[in-house]
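Visitor: Quick one, fold the following:
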Amino acid sequence: VNTSLTSIDGLDHIWHESKEGLNLCGNFIDGAGWAAIIAGVCYNKDSKINNISAQQNGICAHDAEIIGEALLTGINTSLTQLDLSCNWLCGLNRTGDGTYDAKGIKAISEALTMNTSLKTLNLSDNNLCGVWKQCEGEGNYSKWGTHMAEGVFALASSLHVNTSLTSIDLSGNEPDITAGKSLADALRVNASLVEVKIDNFALPVKQLKGTD
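Guide: Here you go, the predicted model:
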């Protein structure tokens, strides 16, 4: 059993080969496979892996449920950074194919109410609100889909009580005013977050909290 790895990266780029990194590129690991890998880390008390990058791997709502359960009930405390960007956590891919399903993001949100080891979480570009952008040419974009707030509401509720996250990226999820307000309300009472990104713009967290 290997207990020396500290990072797993699924990006398709050159990865420094050392005991601190494992390059799984080219193995065509799907969302279910990544859910199993993340769960395996969470349930391994001896694992030293602190960073998992699983972006753009087709992780769907069901896979996200497994990940959420692992983050909630896992016994490992080494995992501090998790990148789930550019997946299908709510059942919709980048072009809106599929059916909106909030059960995955709800499971991850529930985990955040109890998990005290995760520090950095990237959920960008997952259609969490059921809306996506489509390029119309020359830098012009139109929005498609129907706003669904339950996923963001669950996430905002968890941020009210989470005490470990310091950074969360929600870029590319197109929250409407209602969803945005729920997140702003959560930020005002959250004690640990110092960086929140929406549409690649860092929100003035200290101003929202009234600490700056």
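Visitor: Would you map the helices across this structure?
Guide: Taking DSSP state H as the test, the helices found in the chain are 31-42, 61-73, 103-112, 150-161, 177-189, 205-209.
Visitor: Show me which of the ones you listed has the highest average neighbour count.
Guide: Comparing the helices of the chain by mean neighbour count (mean count of other CB atoms under 10 Å), helix 103-112 comes out on top with a mean of 23. Just so you know, the C-beta spots here come from the backbone N, C-alpha and C atoms, and that holds for glycine as well.
Visitor: okay, and the helix or strand of this structure with the least pLDDT?
Guide: Ranked by mean pLDDT, DSSP states H and E, the weakest helix or strand in the chain is strand 22-23, scoring a mean of 47.
Visitor: Over stretch 105-125, what's the mean pLDDT, rounded is fine.
Guide: The pLDDT scores in stretch 105-125 average 96.
Visitor: and the end-to-end length of it?
Guide: Taking CA to CA, to the nearest Å, the span from the opening residue of stretch 105-125 to its closing residue is 13 Å.
Visitor: chain center to it, what's the gap?
Guide: Centroid displacement of stretch 105-125 relative to its chain, using CA atoms, centre = their mean, to the nearest Å, is 7 Å.
Visitor: Check stretch 177-192 too.
Guide: 17 Å.
Visitor: Could you export it as CSV, CA atoms only?
Guide: Coordinates of each C-alpha in stretch 177-192 appear next as CSV, following Å, rounded to 0.1, in the frame of the first residue of the first chain:
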residue,chain,number,x,y,z
ILE,A,177,-30.1,37.5,-8.1
THR,A,178,-31.8,35.1,-5.7
ALA,A,179,-29.0,32.6,-5.7
GLY,A,180,-26.4,35.4,-5.5
LYS,A,181,-28.2,36.8,-2.4
SER,A,182,-28.1,33.5,-0.7
LEU,A,183,-24.4,33.2,-1.2
ALA,A,184,-23.8,36.8,-0.1
ASP,A,185,-25.8,36.1,3.1
ALA,A,186,-23.7,33.0,3.8
LEU,A,187,-20.4,34.9,3.3
ARG,A,188,-21.4,37.5,5.9
VAL,A,189,-21.6,34.8,8.6
ASN,A,190,-18.9,32.4,7.4
ALA,A,191,-15.8,32.7,9.6
SER,A,192,-13.2,31.0,7.5
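Visitor: Can you say which of the helices of the chain is nearest to S167?
Guide: Within these, the stretch nearest S167 is helix 205-209; the backing value is 9.8 Å (CB to CB).
Visitor: pLDDT on that closest one, on average?
Guide: The average pLDDT within helix 205-209 is 64.
Visitor: Likewise for stretch 167-178?
Guide: On average, the pLDDT along stretch 167-178 is 89.
Visitor: now stretch 75-89
Guide: For stretch 75-89, the per-residue pLDDT averages 93.
Visitor: give me phi/psi at G96?
Guide: With angles defined as degrees, to the nearest 10, G96 sits at phi 90, psi 0.
Visitor: Just list the residues touching the nearest residue to L92 once chain neighbours are set aside, thanks.
Guide: Nearest residue to L92 in three dimensions, chain neighbours excluded: N127, at 4.2 Å (CB to CB, 6 or more residues apart in numbering). Shown in contact with N127 (CB atoms under 8 Å, 6 or more residues apart in numbering): W88, L89, C90, L92, N93, R94, G96, Y100, G145, N173, E174.
Visitor: Fine by me, thanks again.
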